[in-house]
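Participant: Quick one, what's the 3D model for this:
(2 chains)
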Amino acid sequence: MAVDAANISSAGASASRLRLRPHWPFIAPLILVMAAGFAWPLLHVLVNSFHPNTPQGLDAEHWTLTNYRRLADPLYGEILLRTLRISAAVTAISAVAAYPVALFIARLSPRAQSWMILAYVSPWLVNTVVKALGWTLLLRSNGVINTALRAIGLIEQPLRLLLTETGVVLALVPGHFMFVLLPLWTAISALDPALSWAAGTLGATPAGVFRRIVLPLTLPALIVGLVINFIMNMTAFAIPMLLGGVRNQVASMLAYQVDLVSLDWPFGGALAVALLGFTLALVFVGQKLAVIGLSSRGGKPEVSPS
Amino acid sequence: MSLEVAGVRKAFGSVRALSGVDLSVPQASFFALLGPSGCGKTTLLRVIAGIYASDAGKVALGGRDITQVPMHRRNMAMVFQSYALFPHLCAFDNVAFGLRSRRLPKDEIRSRVAEALALVRLEHLLQRYPCEMSGGQQQRVALARALAVRPDLLLLDEPLSNLDQRLRDEMRVEIRDLQRRLAITTVLVTHDISEAFTMSDRIGVMQEGRIVQIGSAEEIYHRPANRFVANFVGPINELPLTQVEGDAGGARALLAGQFSVRLPALTRAGPPGSDLTLILRPQALRLGVEEGETANRYGAEVEDVVFLGASSECRLRIGPLRLLAALPAGSGAKLAAGDKVMVGWDAADGVVTDGR
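Facilitator: Residues are numbered from 1 along each chain as shown, chains lettered A, B, ... in the order given. Just a heads-up that it's a prediction; the model follows:
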């Protein structure tokens, strides 16, 4: 008995000296892959962005801020602004549609719910290039949308949708809507129905129940979804390229041009760092908003009692 | 206000949850809906609250038909089994919720919240959030939230089932006192017999979507309407009867095909002659009775005696029949397995029912 106890305690002591925890073997491969395949190249991108580019390639001897100054060029500024505008428009449309769709789905039978969710996820299961081709059939001047609008007499001249920002936004919304819908639907389904009943029996109208109970309790899930959605929009490549064309260049197309066509890696690095910084800032703000909404202690009572 | 429920039916798909419920609760009284899970009692409460629309029937409050009135205009309040406190609001805002729905001025909201929280002795926890409160405190806040709106009808859906035994006993008395003091008409849903017995003026026992008996605790315990009610509210002896004959003055039959037995007057059981069941509470049996002391008297053999503190349980055998008798404390000590004893009961202590 005494020997056993001594063995156990010495084994415990050596384990804690080595700081070996049973979960390390499972986490280590992922950390190695992420370090070698993601963190290390990203560090190179960051370092490269401070080196000048020469006709012979990257000049590792000198340091400069030229690459970042170039970002302020109106040409690139316009591209960044357009990327933001398209992404924000898609996220805004998704935000407006999110609650009606999620509430509708959450009230269906479990079986109908899984079919509806599959329907909303399905655009993501289709190859982007195929999806873009499909959208050209819908958007072109003699496409489905224009033909239908003319048939019901809403327009006389066909709307120009293909090779415009509007077309890109229209095509991105269904493709990326599931990133907003899934977390929100999950949060709404997880709400105890007794909360809505309690609010209703206490005199809250259906609109009041939504505003005072459902909305504050599920807003964090919406915000998380909107952040993911926005990032997906910022990094979309095939849809803007095929439906927006070169005249409606977005950041991902510029990055392709700079890194793989011009082979100007220092400027490409600066572009990547700027986009990463912007996206991280957005994730940070989104998380703050979500935490404020989530933590009841963060919010103030509606009226502070004296 | 008084509550009347008439002919209420409700089905979920092919499942009939309520098949014609009639119920009347007088002003300021405490009514308990008692039944096993799945009997439809919670569905009935939700129909009364307006959470579910009934398929047929009528709900009236204070004489006004409110069947079509949406829940937010019924001026009722409900305490849920899960309490359903709003997790993003502190105790003050939870209790103030119904008052803000009614758009009361801020000063009045403040005083009425303080008043409601004082009723449940939680005035010091205004700023606490539900996750920072114990189960008992959450339960009190839920009660305060319901009382703050001064409802015409208070609905309690198994409000005590998530509390430990001591707290539950305490809250029973507390809720009962509050209900009397504030004179609020109250409907309680419970599967707990002692909860229904200690808290309510009248009890409705539900079985498969119907109310099978309405009465006081004593009536339901001693004069159960059928075998289901008798069984549900406590242990019973069920004895098969044959050759039943008699009238409103009194009846007799054969017990287990061999013993003659005197029965109470037949009123609601089936026609004389058919096969019926005699229901006897363990407390109705008396041991060691003398000749002529009780209407029925048989020689029995003791099989087992179990001491339970306040009473003892005695298993007996009369010929082929097994019976359970409850003996007051002390009287069981003299008996042991194998003893021969005379057992008897009065005709009026039995209840005769048909097979149901």
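Participant: center of chain A, which residue is that?
Facilitator: Residue closest to the average C-alpha location in chain A (CA atoms, centre = their mean): residue A:228, at 2.2 Å.
Participant: what's the closest non-adjacent residue to that residue?
Facilitator: In this structure, residue A:228 finds its nearest non-sequential neighbour in residue A:179, 4.4 Å apart by CB to CB, 6 or more residues apart in numbering or on different chains. To be clear about C-beta, it is placed using only N, CA and C from the backbone, and glycine gets the same treatment.
Participant: again with residue B:281
Facilitator: Nearest one to residue B:281, counting by CB to CB, 6+ apart, is residue B:236 at 6.2 Å.
Participant: for residue B:102, same thing?
Facilitator: Nearest to residue B:102 is residue A:203, by CB to CB, 6+ apart, at 5.6 Å.
Participant: how about that neighbour, secondary structure?
Facilitator: Put simply, residue A:203 is coil when judged by DSSP: H, G, I helix; E, B strand; the rest coil.
Participant: Pick out the residue in the stretch 101-250 of chain B sitting closest to chain A.
Facilitator: Residue nearest to chain A within the stretch 101-250 of chain B (CB to the nearest CB): residue B:101, separated by 3.4 Å.
Participant: Hmm, that residue is touching residue A:208, no?
Facilitator: Yes: with contacts counted by CB atoms under 8 Å, residue B:101 reaches residue A:208, the gap being 6.4 Å.
Participant: what do these two both touch?
Facilitator: Taking CB atoms under 8 Å, 6 or more residues apart in numbering or on different chains as the contact rule, residue B:101 and residue A:208 both touch A:199, B:72.
Participant: These two: who's more crowded?
Facilitator: Between residue B:101 and residue A:208, residue B:101 has the larger neighbour count (other CB atoms under 10 Å in any protein chain shown), namely 20 against 17.
Participant: List the contacts of the closest residue to the more buried one other than its chain neighbours.
Facilitator: Leaving out its chain neighbours, the residue that sits closest to residue B:101 by CB to CB, 6+ apart is residue A:203, at 3.4 Å. Residues near residue A:203 by CB under 8 Å, 6+ apart: B:72-73, B:75, B:98, B:101-102, B:149.
Participant: Which one (most neighbours) among those residues?
Facilitator: So for these (other CB under 10 Å), the most neighbours sit at residue B:98, 28 neighbours.
Participant: Wait, a helix at that one?
Facilitator: Yes: under three-state DSSP, residue B:98 sits within a helix.
Participant: quick one: it and residue A:200 touch, right?
Facilitator: No: counting by CB under 8 Å, residue A:200 is not a contact partner of residue B:98; they are 10.5 Å apart.
Participant: Just the helices from the stretch 101-250 of chain A, written as ranges.
Facilitator: For the stretch 101-250 of chain A, the helices defined by DSSP state H, counting those that start in this stretch cover A:110-125, A:128-139, A:144-151, A:165-176, A:178-190, A:193-201, A:206-209, A:215-235, A:238-239.
Participant: Of all those helices, which one is nearest residue B:305?
Facilitator: Checking the helices of the stretch 101-250 of chain A against residue B:305 by CB to CB gives helix A:193-201 as the closest, at 47.3 Å.
Participant: what helices or strands is the closest one leaning on?
Facilitator: Secondary-structure packing of helix A:193-201 (3 or more CB pairs under 8 Å, 6 or more residues apart in numbering or on different chains; DSSP states H and E): helix A:206-209, helix B:41-49, strand B:76-79.
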